[in-house]
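*Asks:* Got a sequence here, can you model it:
(one chain, ligands or ions: 1)
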Amino acid sequence: MGYRTYTCPIARDCGGCEWLAVPYSIQLRRKQEQVEELLGTAAEKDGATVEPIRGMDEPVRYRHKAATPFAHGPHGRVHSGFYAAGTHRIVPCDDCLVEDPRARRILNAAARAAEKLRIPPYDEDRGVGVLRHAVVRCGWKTDDVLLVLVTRVDELRGAERLVSELRAGCPELTSIVQNVNDRHTNAILGRSNKTLFGPGVMHDRLLGCTFEIGPTSFYQTNPAQTEVLYRLALEGTGIAGGREPHLLDAYCGTGTIGICAAARASEALVTGVDQVPGAISCAQRNAHANGVEERCSFVRADATKWMAKARDETYDVVIMDPPRAGSTPAFLGGVARFAPERVVYVSCNVETQARDLEILRARGYRLERVVPVDMFPHTKHVECVATLVRT
Ligand SMILES: C[S@@+](CC[C@H](N)C(=O)[O-])C[C@H]1O[C@@H](n2cnc3c(N)ncnc32)[C@H](O)[C@@H]1O
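*Replies:* The predicted structure follows:
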């Protein structure tokens with residue numbers, strides 16, 4: 001790997017890869033230090049060490065999900081690209097070093113089609129216009145490509161022509177969905193979806209399991225490193241040692257970690273909890289598609305509220321993979337009350353993870369293993385899998 005750096009023509013403007021000019025080996029060292037700073041002392045007190053970060057061999061083209069905002073340009077042009085760092089000025093981009101090569105071309109084709117069909121882009125200052133964003137998801141182990149067109153209004157005039165135009169220019173598209181977001185917000189996606197072409201979902205494979213991913217459900221953007229992450233999480237559950245536990249997969253998204261666990265341990269039972277309705281219905285179909293539906297059940301609920309009502313349950317292992325904000329003291333208190341033998345905490349924000357791990361350590365758990373994983377090369381973000389055991 002050495003001291004190789006990568007270049008990008010819009011690196012100065014686009015805020016995406018803030019560490020692009022830093023050699024990858026140094027990026028990994030910095031991330032390692034970040035995790036050691038936050039978790040090293042606790043790990044050492046518990047007799048564990050922070051293991052070396054798992055990086056990528058070739059840290060490019062790893063993002064299988066990409067998005068663009070749309071905005072008015074001169075002479076009826078529709079701009080697409082990335083927001084310049086800290087602004088809402090769009091920097092055009094023909095190809096992005098870290099994205100699947102299909103992604104940017106499809107997003108830009110959506111802008112050209114909108115121009116041609118005179119579909120007005122959204123004007124966020126005035127709250128008018130139609131086309132707000134597009135999000136594309138490209139399969140890693142499949143050829144599925146799902147395009148989501150986010151509109152302010154439910155009615156998308158010329159939708160049929162738009163679909164024909166996009167399919168003609170981008171024959172790799174396997175599905176197109178309209179997502180409606182009428183809120184005045186920075187969030188890209190709204191709640192309702194309308195399938196314009198194809199099945200309205202995409203599929204991918206991780207660790208030999210097949211997953212259906214809906215237009216609004218969470219799916220890791222770097223699938224190659226997701227396999228690394230999930231392998232570590234599964235090792236943390238202890239199922240590799242022939243155990244067949246009852247597992248709680250909290251913040252389960254489309255059920256990916258729990259289903260991979262159930263597929264590996266033929267007697268394991270899994271309960272998954274996530275607050276997004278579309279993710280839970282995907283998780284149920286995913287369990288079916290992988291032949292583990294009789295051993296997996298999924299609940300749509302806020303994890304903390306679910307925990308408050310789940311006092312009679314018993315779990316041998318709790319896997320938790322919360323969003324960047326981390327979990328809540330009430331949820332973590334509930335985990336401790338379950339008294340599982342093992343807790344596997346997967347996190348994309350080591351600061352909140354460190355905070356939450358202290359709660360578990362104060363309730364009778366010790367860190368057994370801490371492993372950083374680089375899911376987002378050229379950015380400062382680091383993912384981390386921490387395994388705790390009951391003392
Ligand atoms: C980092 S993702 C992990 C998903 C899944 N484990 C995976 O690897 O794809 C976090 C998940 O937490 C869910 N989530 C966020 N806040 C939640 C809450 N308060 N209660 C339940 N689920 C929540 C999100 O919908 C998302 O699916």
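*Asks:* drop to CA atoms for contacts and neighbour counts, all remaining ones
*Replies:* Fine.
*Asks:* who in the chain is up against the ligand?
*Replies:* Near the ligand, the residues belonging to the chain are 218-220, 251-253, 256-257, 274-276, 301-303, 321-323 when assessed by Cα under 6 Å from any ligand atom.
*Asks:* Wasn't Met56 part of a strand?
*Replies:* No: assignment of Met56 by DSSP: H, G, I helix; E, B strand; the rest coil gives coil, placing it outside any strand.
*Asks:* helix/strand/coil for the most centrally placed residue in the chain?
*Replies:* With distances taken as Cα atoms, centre = their mean, the chain has Gln220 as the residue nearest its mean C-alpha position (3.1 Å). Secondary structure of Gln220, reduced to three states by three-state DSSP: coil.
*Asks:* just Glu37 next, same as before
*Replies:* Classified using three-state DSSP, Glu37 is helix.
*Asks:* Can you check the pLDDT for it?
*Replies:* Note for Glu37: predicted pLDDT of 98.
*Asks:* Kindly provide the distance from it to Pro329.
*Replies:* In this structure, Glu37 lies at 23 Å from Pro329, with Cα to Cα, to the nearest Å as the measure.
*Asks:* Checking my notes, Tyr107 in a helix, right?
*Replies:* Just to correct that, residue 107 is Leu rather than Tyr. Yes: under three-state DSSP, Leu107 falls within a helix.
*Asks:* quick one: contacts for it?
*Replies:* Ala67, Thr68, Ser80, Ala134, Val135, Val136 (Cα atoms under 8 Å, 6 or more residues apart in numbering).
*Asks:* now those residues: which count as buried?
*Replies:* Of all the contacts of Leu107 considered here, the ones buried according to neighbour count by 16 or more other Cα atoms under 10 Å are Ala67, Thr68, Ser80, Ala134, Val135, Val136.
*Asks:* Pick the one among those closest to Val98.
*Replies:* Nearest to Val98 among the buried ones among the contacts of Leu107, counting by Cα to Cα, is Ala67 at 12.6 Å.
*Asks:* Am I right that that closest one sits in a strand?
*Replies:* Yes: the secondary structure assignment for Ala67 places it in a strand, going by three-state DSSP.
*Asks:* Contact partners for the residue nearest to it when sequence neighbours are not counted?
*Replies:* Spatial nearest neighbour of Ala67, chain neighbours left out: Val135 (4.2 Å); criterion: Cα to Cα, 6 or more residues apart in numbering. Contact analysis of Val135 by Cα under 8 Å, 6+ apart lists Lys65, Ala66, Ala67, Thr68, Leu107, Leu147, Val148, Leu149, Val150.
*Asks:* Secondary structure class of Val135, three-state.
*Replies:* strand.
*Asks:* per-residue pLDDT, it?
*Replies:* 98.
*Asks:* hey, what's it bridged with?
*Replies:* Ala67, Val148 (DSSP bridges).
*Asks:* what mean pLDDT does stretch 40-47 have?
*Replies:* Model confidence over stretch 40-47, given as mean pLDDT, is 98.
*Asks:* got the CA positions of that stretch in CSV?
*Replies:* The C-alpha coordinates for stretch 40-47 follow below in CSV (Å, rounded to 0.1, in the frame of the first residue of the first chain):
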residue,chain,number,x,y,z
GLY,A,40,-7.8,1.9,24.4
THR,A,41,-7.8,2.6,28.2
ALA,A,42,-11.1,0.8,28.8
ALA,A,43,-9.8,-2.2,26.6
GLU,A,44,-6.6,-2.3,28.5
LYS,A,45,-8.3,-2.2,31.9
ASP,A,46,-10.4,-5.2,30.7
GLY,A,47,-7.4,-7.1,29.5
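*Asks:* In three-state terms, how would the residue lying farthest from the centre of the chain be classified?
*Replies:* When distances are taken from the C-alpha mean of the chain, His75 lies farthest, 37.0 Å away, according to Cα atoms, centre = their mean. Assigned with three-state DSSP, His75 falls in the helix class.
*Asks:* repeat for Ala233
*Replies:* helix.
*Asks:* Mind pulling up the pLDDT for it?
*Replies:* For Ala233, the predicted pLDDT is 98.
*Asks:* contacting residues for it?
*Replies:* Ala233 makes contacts with Ile257, Ile319, Val344, Val346, Val385, Thr387, as judged by Cα under 8 Å, 6+ apart.
*Asks:* can you tell me how far it sits from the ligand?
*Replies:* To the ligand, Ala233 is 10 Å away according to Cα to the nearest ligand atom, to the nearest Å.
*Asks:* any idea of the mean pLDDT for the helix or strand hosting Asp249?
*Replies:* Assessed by DSSP states H and E, Asp249 sits inside strand 246-250. Confidence over strand 246-250 (mean pLDDT, whole number) is 97.
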